[in-house]
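K.L.:
next input, structure requested:
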Amino acid sequence: MTELDRTDSAPRRAASKVRLLLASDVSRMASMPDLFRSLKRALLTCLPLLGSALAGALLGLGHFGVAAVLMVATSLREARARLVARPAPPTSAAGLLFGATADLYAEFLAFTGLAFFFRASALLFTLTLAALIGSLMVSYGSAKAEARHVPVPVGAMRRPTRVACVAAGAGLTPLAAILAQRLGGPPWAAEAPLVLAVVVIAVTANVSAVRRLRVIARAPTPTLVPRDARAPEVPDASVARANAGQRAA
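P.N.:
Have a look, this model is predicted:
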């Protein structure tokens with residue numbers, strides 16, 4: 001190779017490196033919208049969890065009206081997040097696991113706030129723990145049914161119903177406190193709506209969880225046939241005739 005050829009090849013190599021760098025930058029810029037969409041879905045999933053944590057703290061401190069409004073807003077945000085994520089490409093297993101875990105943590109934080117508020121009464125504290133256990137067992141029953149590949153049993157006190165029940169009880173508690181104060185009612189009447197909501201969830205959720213698990217235990221588990229053990233596909237008649245003609249030829 002002459003000196004002239006070396007001189008000509010150096011700019012070519014530099015130009016090829018520049019083209020490679022530009023191509024990589026273009027590919028990274030093309031993947032930015034997917035990154036932004038993933039970050040948006042993650043943010044929409046985290047916001048309900050943060051709202052539920054704040055609502056649980058407000059319930060524990062006795063600010064029931066603000067907690068009820070925040071629970072309703074969090075539920076609407078969660079529903080919007082699911083609608084946004086629905087037309088997106090299929091979510092990964094990690095994303096599904098994160099969403100389910102966030103739902104469980106959100107519910108746990110809300111009932112923890114109620115348990116903290118009712119800590120002075122052994123009966124109400126126990127009922128709150130029973131409501132929490134029943135709620136988690138209902139969610140566990142649904143997850144167990146999906147893991148066993150059986151239809152999820154229909155039952156009461158699913159998560160939207162539980163959130164609506166707690167939010168209604170918390171929202172009506174300030175009104176009940178005002179009426180009890182003006183009408184001279186007993187002290188327990190001020191917290192009657194919230195106590196009623198906890199009792200309804202504690203009884204209904206546990207009964208629903210037991211029924212769910214009983215149905216799942218009795219449901220036949222579908223047998224998953226391995227791919228290697230499946231029967232060989234029978235070729236179509238036209239394909240068989242064509243193969244026979246080729247062999248005869």
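
K.L.:
when you work out contacts or count neighbours from here on, use the C-alpha atoms and nothing else.
P.N.:
Fine.

K.L.:
now stretch 175-185: mean pLDDT?
P.N.:
Per-region confidence: stretch 175-185 scores 87 on mean pLDDT.

K.L.:
likewise stretch 50-58?
P.N.:
Stretch 50-58 comes out at a mean pLDDT of 89.

K.L.:
quick one: the helices in the chain?
P.N.:
3-61, 64-85, 93-117, 122-147, 159-183, 192-218, 237-248 (DSSP state H).

K.L.:
just the mean pLDDT for the last one, thanks.
P.N.:
Going back to what we said before, that points to helix 237-248. 49.

K.L.:
so, low pLDDT: which residues of this protein?
P.N.:
Across the chain, residues meeting the criterion (pLDDT under 70) sit at 1-45, 77-96, 99, 221-249.

K.L.:
in stretch 126-142, what counts as buried?
P.N.:
The neighbour-count check on stretch 126-142 (16 or more other Cα atoms under 10 Å) flags 127-142 as buried.

K.L.:
an error on my part: the question was meant for stretch 147-164.
P.N.:
148, 150, 152-153, 156-159, 162-164.

K.L.:
could those residues be laid out in CSV, adding distance to residue 61?
P.N.:
Listed next are the buried residues of stretch 147-164 as CSV, based on distance: Cα to Cα, whole Å:
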residue, distance to residue 61
148, 41
150, 42
152, 37
153, 37
156, 29
157, 26
158, 26
159, 23
162, 20
163, 19
164, 20
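
K.L.:
now residue 137: closest residue in space that isn't a chain neighbour?
P.N.:
residue 209 (5.6 Å; Cα to Cα, 6 or more residues apart in numbering).

K.L.:
pretty sure that neighbour is touching residue 133, no?
P.N.:
No. Checked against Cα atoms under 8 Å, the pair residue 209 and residue 133 is beyond contact range at 9.6 Å.

K.L.:
quick one: residue 193 from residue 171, how far?
P.N.:
8 Å (Cα to Cα, to the nearest Å).

K.L.:
swap in residue 187?
P.N.:
18 Å.

K.L.:
same question for residue 108.
P.N.:
From residue 108 to residue 171 the distance is 19 Å (Cα to Cα).

K.L.:
which of those two has more neighbours?
P.N.:
Taking neighbours as other Cα atoms under 10 Å, residue 108 and residue 171 compare with residue 171 leading, 21 against 18.

K.L.:
wait, the more buried one touches residue 68, no?
P.N.:
Yes. Between residue 171 and residue 68 there is a contact under Cα under 8 Å: 5.2 Å.

K.L.:
show me what contacts residue 104?
P.N.:
When contacts are counted by Cα atoms under 8 Å, 6 or more residues apart in numbering, residue 104 touches residue 136.

K.L.:
if we go to 10 Å?
P.N.:
Contact partners of residue 104, counting by Cα atoms under 10 Å, 6 or more residues apart in numbering, are 49, 135-136, 139-140, 159.

K.L.:
what number of residues lie near residue 123?
P.N.:
Count around residue 123 with other Cα under 10 Å applied: 10.

K.L.:
wait, what's in contact with residue 136?
P.N.:
Contacts of residue 136 by Cα under 10 Å, 6+ apart are 104, 107-108, 130, 158-159, 205-206, 209.

K.L.:
where's it relative to residue 104, distance?
P.N.:
Counting by Cα to Cα - residue 136 and residue 104 are separated by 7 Å.

K.L.:
please apply the same query to residue 128.
P.N.:
16 Å.

K.L.:
again with residue 161
P.N.:
On the measure of Cα to Cα, residue 161 and residue 104 end up 14 Å apart.

K.L.:
do the same with residue 197
P.N.:
Distance from residue 197 to residue 104, by Cα to Cα: 19 Å.
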